[in-house]
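K.L.:
predicted structure and sequence below. I'll ask about it afterward.
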Amino acid sequence: MANVIALLAATTVLVLIPGPNVALIVANSLRHGLKHGLVTVLGTTGGLALQLLLVVAGMAALVELVASALVWLRWLGVVYLVYLGLATWRKTADDVTEIPAQSGSGTFWRGFALAAINPKTLLFSAAFLPQFVGTAARASTELLTLAAVFLSVVIIGDALWAVFATAARGWLGRFGHLRNKVSGGFLLGAGVGLAWSRRSI
């Protein structure tokens, strides 16, 4: 039980530190509202869950192989996020009705891809979660439980980021196109964060 509590505390601290996933969640919440923010959370959580499956399965060699392959995909993600960020930044429309609609499925898969192609989170999870395993005899079972706890804290924390960003959405809307600047800045931040997500941890 002590290891679960320790993981809860450590994961809570991690969630409070914005990374590429949070930047995308905030950007989508500011641009399109809470619904799209929460759908982005589901997407990023799904991508993270896919990575955790590899970790829980104990496929150390596969984790290393996948992390190497993700380095190239990551740069495609960086280019895409920077493109979205610049396009959003340049928008002058201050009316929310002038912001193009975004499909829920598109929002989900963008979030999923961002989380799944980040090699740093994959290697971090592989190094982070085992630190909280108490007994070697039950390592697999404990690791599965810890992964579930980790994922639960992440999805709750990320959902709160979406709620807070949506709350700020109306306030930013009073200052003309400032919301586009802020959401564009977060998209650019997501791209920069992904670019700095090196394989080493």
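P.N.:
Good, I have the coordinates. Note that the structure is predicted; figures quoted are calculated from it, not measured. Residues are numbered from 1 along each chain as shown.
K.L.:
low-confidence ranges, the chain, go.
P.N.:
The chain contains residues with pLDDT under 70 at 1, 58-73, 91-102, 134-140, 172-180, 194, 197-201.
K.L.:
go again using 90 as the cut-off
P.N.:
Counting by pLDDT under 90, the chain shows low-confidence ranges at 1-23, 27, 30-33, 51-106, 113-147, 149, 167-201.
K.L.:
what about the helices in it?
P.N.:
Assigned by DSSP state H, the helices in the chain fall at 2-16, 20-32, 34-56, 60-90, 104-116, 119-128, 139-173, 178-195.
K.L.:
make CSV out of the ones you listed and add mean neighbour count.
P.N.:
No exception for glycine: its C-beta is placed from N, CA and C like everyone else's. Below are the helices of the chain laid out as CSV (neighbours: other Cβ atoms under 10 Å):
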stretch, mean neighbour count
helix 2-16, 14
helix 20-32, 27
helix 34-56, 22
helix 60-90, 16
helix 104-116, 20
helix 119-128, 21
helix 139-173, 17
helix 178-195, 22
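K.L.:
what's the closest non-adjacent residue to Ala87?
P.N.:
Gly184 (7.6 Å; Cβ to Cβ, 6 or more residues apart in numbering).
K.L.:
show me what contacts that neighbour?
P.N.:
Ala27, Leu84, Gly85, Leu86, Ala87, Thr88, Trp89, Arg90, Lys91 (Cβ atoms under 8 Å, 6 or more residues apart in numbering).
K.L.:
how about a cut-off of 10 Å?
P.N.:
By Cβ atoms under 10 Å, 6 or more residues apart in numbering, Gly184 lies in contact with Ala27, Leu30, Arg31, Leu84, Gly85, Leu86, Ala87, Thr88, Trp89, Arg90, Lys91, His177.
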